[in-house]
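Sequence first, then the predicted structure:
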Amino acid sequence: MRVVLAEDSVLLREGLIRLLGSAGMEVVAAVADAGDLLRAVDEHDPDLVVTDVRMPPSHTDEGLRAALVLRRQRPGLAILVLSQYVEERYATQLLSTATSGIGYLLKDRVADVTEFLDALRRVAAGGTALDPEVVAQLLLRRHSDPLERLTPREYEVLALIAEGRSNSGIAEALVVSESAVGKHINNIFTKLDLSGVDKDHRRVLAVLRFLKV
Amino acid sequence: MTHTEVSTPWDRIRPHWSAQTWLRTVHVVTGVPIALLASLVILGLAFLSVTLVWTVVVPLITLLLLFRSVRLLTWLQRCRFSAFLGVEIPALPRRSGGGNPLKRLLDEARTRSTWRQIGYHLTSPLISGIGFVMVVGAWSGSLVTAALAVRRWNLDGTWASVGVAQFALLSAALFVAGPWVVRGVAALDVIAAEALLGPSLSDELVLRVETLRESRAEVVDAADAERRRIERDLHDGTQQRLVSLAMNLGMARANLVDLPEPAREVIAQAHEEAKQALKELRDLVRGLHPAVLSDEGLDAALSGLAARAPLPVRLRVDIPERASPTIEAVAFFVVSETLTNIAKHARASSAQVTIDRRGDLLHLTIFDDGRGGAGLDGGTGLRGLAQRVGSVDGALRIDSPPGGPTTIRVELPCE
C-alpha cells in the first residue's frame, strides 16, 4: 500500500514513517504542509493519505481543507485525518463528502499501535474509522427522531458501527457474543425502518441516519 | 550672627511693576479684539441660522461653521492665556470626527462643553471690555494726571498750589492701583476661562472612564492572546513529543514480545503513563483556547466540550452572527468551567447549556439538576467566572437554592 503522509512535527512524522513501514506500508512521500500534500498526491497517486489537521502556515485547519479538496478531486482516495482534538464540525465536513474510505482519529490513537494500524487498513479498504470521541459528540446532537426509540445498548452498537467496526469487532468491544450483536443490529434496522433495503447498504444507511450528514 | 535681609517698602512695591504686570496688561488689551471678533462671529452666524432657518440648508452650514469657529476661538483664547499669563487651560476631550454632518451637528449641539465655550466667548467682551476700561483708564489716568500736575506747576510755580497737589496725588494713586486692577481683571478672566473653556468635572470623568475602559480591554485581549500562545506552544511542541513518545512505546510494546516479562511490564506501564499524560495535557490545553473556537466558533467548540463532559449535556446554540474573539473566549471559558464545576460538585444527573444571541447580547444559560447551594462566596471557581465575565462588562447571576436545581445566567455584550 502506497501512503502519502502530511505532518508538520518532524518527530512524529519520522515515527509514523517507521510505524507504517513496520506494518508493510510504503510511505512514498512525507510532507510538512497542505500545499506540499496536494502536490505529493498529484505526483505519487497513493492509495491512502494520512494528514494532520493543523499545519503551517496558518496552523488552523489546512490539513482538513486539503483533505476535502483531495476528496473532491479523487473520490476513490482513502483519507485518514489525524487531529490533536477531534471536533464534530471537522468530522461532519469530512463525512459530507462520503462515508467510505474516510477516517478521523485523535492523534493519541497512534499510541495504540495495533488498533491504529487496524483503522488505517480499514480506511484504505474503503471502510470508516471514526474516533469514539467524534461519535460521542455526534451522539450528543441526535437526541430526536427514530433514534430515540433505540435502547442504550442498541445505541452503543450503532455508535460502534459508525466507528467502522465489524460485527466481530463490536462483539469484542462490548464483550458479548457475535449473535447478540447481530440481534441488536437487526433491531436497529427495524427501528430505523431499514428492514426492506439491500443487506449491504443497510449498515451505511443506518450510520448515515445516525450521523445526519 | 544671622543675616537678615533688609526689606524696604519699595522692595515690596516694586514687583507690582515687573514684567508680569505688563504681560497681564497686554493680556487684557489683546482680549478686547478677540472677544469682539468672537461675539461677532458667534452672534452673526447664530443670527444667520435663525433668520434663514426656513432654507434648512443654510442653518445647517452656518451652525457647522459656528461650532467649528467656536473651537477655533477657544484655541485662540487658550494661546492667549498661555502666552501672556502662563496659564494652561486643559484641552477638552476630542469627539470622534466621523459620521455624517447632520449627526456631527447634533452631537456637537448636545455636548455641554460647546455651550460652555459659547458662554465664555459671549461674556468675554464684558470682562475684557470693562477690564480694558479699568486697566487702560488706570495707566493712562496716571499719566494724564501727572501731566496735568506738571502743567499746573508750570503755571502756578509752586507745589503748594491746590491743583498741583491733587493731580500729583491722583496720579500716584492710579499708578499704585494700576497693577492691582490689572491683576484683578486677569484673575477674573482666568476664573471665567477655566470654568467655561476647560473640561468640566464630568468631562474629565468621561475621559478617565474612556481611558480605563480602553486599558482594560487591552489587558483582557492581551491575556486572551497569551492563552492562545501557550496553547500553540503546547500543541506544536509538548503534545507532539508526547504523541511520538507514546507511539514509540506502543511500537515497543507490540513488537518486543520476546522480552522478559518484567521488561515488558515496564514498557506497558510507561506506555499507559504516556497515554494518560497525553489525555491530561489535551484536556488542559483545550481549556486554554481550543483552535476550533477560532476556526468554527462557539457552536463547534462547545459541542466538543459537552461531549467530553462526564454527564449528559443537552446543548442548544443559536448564534446567527459570531461575536468578537474575546467574547467567544469568555463564553467558552464560562461553559467549560461551569461544566467542570457541575461534574465535580453538583452531583447532577444531567445539564443543559443554552446560548443565543439577542441583538448585541449573548445570553448563556447553564442548568443542572444537582443539589444546588452554589454561590459566589462558596469557592474561588464561581468568583473567577464572575470576574472574567465582569472583565468584558458582562453580568452573571446564580440561582441555586439548597437542594437544587442550579441555573447560571450570563449576559455578554457582543460589541
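Perfect, thanks for sending it.

okay, CA-based contacts and neighbour counts for the rest of this
OK.

the helices in the chain, which residues?
As the question left the chain open, I've gone with chain A. For chain A, the helices defined by DSSP state H cover A:10-22, A:34-44, A:62-73, A:88-95, A:113-124, A:132-141, A:152-163, A:167-174, A:178-191, A:199-211.

that's the wrong chain, I meant chain B
According to DSSP H, the helices that chain B contains are B:9-13, B:19-51, B:57-80, B:101-110, B:112-156, B:162-196, B:201-233, B:240-255, B:261-288, B:291-296, B:298-308, B:325-341, B:380-390.

How about the residues of chain A by chain B?
A:9, A:11-12, A:15, A:19, A:60-61, A:84-89, A:107-108, A:110-114, A:133, A:136-137, A:140-141 (Cα under 8 Å from any Cα of the partner chain).

and these, which are buried?
Taking 16 or more other Cα atoms under 10 Å in any protein chain shown as the criterion, what is buried in the residues of chain A next to chain B is A:9, A:12, A:15, A:19, A:60-61, A:84-89, A:107-108, A:110-114, A:133, A:136-137, A:140-141.

Can you name the residue of chain A nearest chain B?
A:A111 (4.0 Å; Cα to the nearest Cα).

surely that residue meets B:R253?
No: counting by Cα atoms under 8 Å, A:A111 stays clear of B:R253, with 10.1 Å between them.

where does the stretch 301-415 of chain B dip in pLDDT?
B:378-380 (pLDDT under 70).

Can you name the residues of it sitting close to chain A?
Going by Cα under 8 Å from any Cα, the residues of the stretch 301-415 of chain B near chain A are B:301, B:303-304, B:306-308, B:312-315.

Name the nearest of these relative to chain A.
Closest approach between these and chain A, by Cα to the nearest Cα: B:A307, at 4.7 Å.

so how far is A:R74 from that closest one?
Using Cα to Cα, to the nearest Å, B:A307 is found at 32 Å from A:R74.

So for these two, which residue has more residues nearby?
Remark: of B:A307 and A:R74, B:A307 carries more neighbours, 24 against 12, as counted by other Cα atoms under 10 Å in any protein chain shown.

Contact partners for that one?
For B:A307, the contact set (Cα atoms under 8 Å, 6 or more residues apart in numbering or on different chains) comprises A:133, A:136-137, A:140, B:313.

Mind putting those into a markdown table with distance to A:S168?
Formatted as a markdown table, the contacts of B:A307 follow (distance: Cα to Cα, whole Å):
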| residue | distance to A:S168 |
| --- | --- |
| A:E133 | 21 |
| A:A136 | 21 |
| A:Q137 | 24 |
| A:L140 | 26 |
| B:V313 | 31 |
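
Could you check the pLDDT of B:G237?
On the pLDDT scale, B:G237 is placed at 85.

I meant to write A:L77 there.
91.

Quick check: buried residues in stretch B:55-67?
So, applying 16+ other Cα under 10 Å, buried residues of stretch B:55-67: B:58-60, B:62-67.

quick one, domains of chain B?
B:12-199, B:213-288, B:295-413 (automatic domain parsing).

Out of the ones you listed, the one nearest A:R149 is which?
domain B:295-413 (17.7 Å; Cα to Cα).

Alpha carbons of stretch B:327-342, as CSV, please.
Output in CSV follows, covering the C-alpha atoms of stretch B:327-342 (Å, rounded to 0.1, in the frame of the first residue of the first chain):
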residue,chain,number,x,y,z
ILE,B,327,-16.3,37.4,23.9
GLU,B,328,-16.3,33.9,22.4
ALA,B,329,-13.3,33.0,24.6
VAL,B,330,-15.1,34.2,27.7
ALA,B,331,-18.3,32.4,26.8
PHE,B,332,-16.3,29.2,26.1
PHE,B,333,-14.5,29.6,29.4
VAL,B,334,-17.8,30.1,31.3
VAL,B,335,-19.3,26.9,29.9
SER,B,336,-16.1,24.9,30.3
GLU,B,337,-15.7,26.0,33.9
THR,B,338,-19.3,25.5,34.8
LEU,B,339,-19.5,22.0,33.4
THR,B,340,-16.3,21.1,35.3
ASN,B,341,-17.9,22.5,38.5
ILE,B,342,-21.1,20.6,37.9
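
Run the chain-centre distance for it.
29 Å (Cα atoms, centre = their mean, to the nearest Å).

same check, this time on stretch B:321-340
26 Å.

in that stretch, what counts as buried?
Burial within stretch B:321-340, assessed by neighbour count using 16+ other Cα under 10 Å, is assigned to B:323, B:325-340.

Walk me through the regions of the chain where pLDDT falls short of the threshold, as ranges.
Picking chain A for this. Using pLDDT under 70, chain A drops low at A:139-148, A:195-201, A:208, A:211-213.

The chain in question should be chain B.
In chain B, residues with pLDDT under 70: B:1-7, B:12-13, B:15, B:93-99, B:159-162, B:378-380.

Which residue comes closest to whatever residue of it ends up closest to chain A once chain neighbours are left out?
Using Cα to the nearest Cα, the single residue of chain B nearest to chain A is B:M247, 4.0 Å away. The shortest distance from B:M247 to any non-neighbouring residue, by Cα to Cα, 6 or more residues apart in numbering or on different chains, is to A:A111 (4.0 Å).

OK, contacts around the one you found?
Counting by Cα under 8 Å, 6+ apart, A:A111 has contacts B:243-244, B:246-251, B:271, B:275.

Farthest pair within these?
B:M251 and B:K275 (13.3 Å).

Would you mind telling me which of the two has the busier surroundings?
B:K275 (24 against 21).

Could you count how many residues lie near the closest residue to the more buried one other than its chain neighbours?
Nearest-residue entry for B:K275: B:A246, 6.2 Å, with adjacent residues in sequence omitted and distances by Cα to Cα, 6+ apart. Look at B:A246: counted by other Cα under 10 Å, it has 27 neighbours.

Might you report the residue contacts of B:A246?
A:108, A:110-111, B:271, B:274-275.

Could I get those residues in CSV, plus columns for distance to A:L205?
Shown next, in CSV, are these (distance: Cα to Cα, whole Å):
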residue, distance to A:L205
A:D108, 29
A:V110, 29
A:A111, 31
B:H271, 38
B:A274, 38
B:K275, 34
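
Could you point out the member of those residues that lies closest to B:I230?
When the contacts of B:A246 are compared against B:I230 (criterion: Cα to Cα), the nearest one is A:D108, at 20.1 Å.

what's the neighbour count on A:E7?
The number of residues near A:E7, taken as other Cα under 10 Å, comes to 25.

my guess is it contacts A:R13, does it?
Yes: here A:E7 reaches A:R13: they are 5.7 Å apart, a contact under Cα under 8 Å.

Between the contacts of B:A307, which sits nearest B:G31?
Closest to B:G31, out of all of the contacts of B:A307 and judged by Cα to Cα, is B:V313, at 74.6 Å.

can I assume the closest one is in contact with B:A348?
No: with contacts counted by Cα under 8 Å, B:V313 stays clear of B:A348, the gap being 10.6 Å.

Now tell me what touches stretch A:78-88 from outside.
Taking Cα under 8 Å, 6+ apart as the rule, stretch A:78-88 contacts A:47-54, A:63-64, A:67, A:71, A:100-108, A:120, A:123-126, A:131, A:133-134, A:137-138, B:235, B:282, B:292, B:300-301, B:303-304.

Generate a PyMOL selection restricted to the buried subset of these.
Buried residues among the contacts of stretch A:78-88 (16+ other Cα under 10 Å), as a PyMOL selection:
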select buried, (chain A and resi 47+48+49+50+51+52+53+54+63+64+67+71+100+101+102+103+104+105+106+107+108+120+123+124+126+131+133+134+137+138) or (chain B and resi 235+282+292+300+301+303+304)
